[in-house]
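K.L.:
Whatever this is, show me its structure:
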Amino acid sequence: MMQWLSNMENTKPLALVIFFVVFVGILLYVFANKKRSKRLESYKNIPFLEDDEAGEQKDKDSRNG
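P.N.:
Below you'll find the predicted structure:
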């Protein structure tokens, strides 16, 4: 088994199959359940909300300072 894996001609297709299976598994995990899909969709604006809060805090600090 180890000699078969040490040959690059065998390892590359095996790695491709493993990565493809993992990729499809992630897609199924994310999109298969409607609840999970809606919850993950609601997370898409989180980075922008943090920027808005930081900007508001900066404005408050400049007004008070």
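
K.L.:
Going by C-alpha atoms from here, please, whenever you check contacts or count neighbours.
P.N.:
OK.

K.L.:
just how off-centre is stretch 29-47 within its chain?
P.N.:
Mean-position distance between stretch 29-47 and its chain equals 11 Å (C-alpha atoms, centre = their mean, to the nearest Å).

K.L.:
That stretch - what's its average pLDDT?
P.N.:
In this model, stretch 29-47 has a mean pLDDT of 80.

K.L.:
neighbouring contacts of the host helix or strand of residue 27?
P.N.:
Under the criterion of DSSP states H and E, residue 27 resides in helix 8-31. For helix 8-31, contacts defined as C-alpha atoms under 8 Å, 6 or more residues apart in numbering pick out 4-5, 36-37, 40.

K.L.:
Break this protein into its domains for me.
P.N.:
Residue ranges for the domains of the chain, per automatic domain parsing: 1-32, 34-65.

K.L.:
can those go into JSON lines with extra columns for mean neighbour count?
P.N.:
Below are those laid out as JSON lines (neighbours: other C-alpha atoms under 10 Å):
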{"stretch": "domain 1-32", "mean neighbour count": "11"}
{"stretch": "domain 34-65", "mean neighbour count": "11"}
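
K.L.:
quick one: the next helix or strand after the helix holding residue 27 to helix 8-31, angle?
P.N.:
As assigned by DSSP H and E, the chain's next helix or strand after helix 8-31 is helix 34-42. Using axes from the mean of the first three to the mean of the last three C-alpha atoms, to 10 degrees, the direction of helix 34-42 lies 90 degrees away from that of helix 8-31.

K.L.:
Quick one: list the elements packing against helix 34-42.
P.N.:
Contact here means 3 or more C-alpha pairs under 8 Å, 6 or more residues apart in numbering; DSSP states H and E; on that basis helix 34-42 packs against helix 8-31.
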